[in-house]
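In: Next comes the sequence, and after it the predicted model I'd like to discuss.
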Amino acid sequence: PKGTMAFTGKYEFEGDENYDAFVQKIGLPSEKIEMGRNCKIVTEVVQNGNDFTWTQHFPGGRTTTNTFTVGKEADMETFGGKKFQATVKLEDGKLVAEFPNYRHTAEISGGKLVEVSAQRSRVVHKKNQRKSP
């Protein structure tokens, strides 16, 4: 894959759109929905060529880390805690992964990490995160 991907950095949650509708559609239990609402997640990305370590730090000390190589199948975990296998692809400068019941994209736009999760019924959850100094 070509194109410059400069994902490395630490990103702080700024805001999101359609969170409730999206997580209800993908079947997240209500206590997880409540926990995740306006959750000040810090996302830390370390990129080395096509190899990524993608860590999300949740308030209260819980972290989720997914390590993957673009174009190769990897063991992943959803923010709901489900384990699955996916192949992360690079499409138009965006990282794209097919999660069990939604498609997730991540890109750097205007210096921000923009993640979009689209459920098959077209309910879209968009999350904006600004880069930490």
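Out: Yes, it's here.
In: hey, where'd the strands end up in the protein?
Out: For the chain, the strands defined by DSSP state E occupy 9-17, 42-48, 51-57, 63-69, 73-77, 83-87, 89-91, 94-99, 102-109, 112-119, 124-131.
In: Save the ones you listed as a markdown table, and put in mean pLDDT, distance to residue 24 and mean neighbour count too.
Out: C-betas here are computed from N, CA, C, even on glycine. Shown next, in a markdown table, are the strands of the chain (pLDDT from 0 to 100; distance: least, Cβ to Cβ, whole Å; neighbours: other Cβ atoms under 10 Å):
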| stretch | mean pLDDT | distance to residue 24 | mean neighbour count |
| --- | --- | --- | --- |
| strand 9-17 | 92 | 14 | 16 |
| strand 42-48 | 95 | 23 | 16 |
| strand 51-57 | 95 | 21 | 17 |
| strand 63-69 | 94 | 21 | 15 |
| strand 73-77 | 94 | 20 | 15 |
| strand 83-87 | 93 | 20 | 13 |
| strand 89-91 | 94 | 27 | 13 |
| strand 94-99 | 91 | 16 | 18 |
| strand 102-109 | 91 | 12 | 18 |
| strand 112-119 | 90 | 10 | 19 |
| strand 124-131 | 85 | 11 | 17 |
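In: Need those strands in CSV (columns: distance to residue 35).
Out: Shown next, in CSV, are the strands of the chain (distance: least, Cβ to Cβ, whole Å):
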stretch, distance to residue 35
strand 9-17, 13
strand 42-48, 15
strand 51-57, 13
strand 63-69, 13
strand 73-77, 16
strand 83-87, 19
strand 89-91, 30
strand 94-99, 18
strand 102-109, 18
strand 112-119, 17
strand 124-131, 15
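In: Nearest residue to the middle of this protein?
Out: Nearest to the geometric centre of the chain sits residue 115, at 5.6 Å (Cα atoms, centre = their mean).
In: Contact partners for that one?
Out: Counting by Cβ atoms under 8 Å, 6 or more residues apart in numbering, residue 115 touches 43, 104, 105, 106, 126, 127, 129.
In: As CSV, those with distance to residue 72 would be great.
Out: Output for those, formatted as CSV (distance: Cβ to Cβ, whole Å):
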residue, distance to residue 72
43, 21
104, 17
105, 18
106, 17
126, 27
127, 25
129, 26
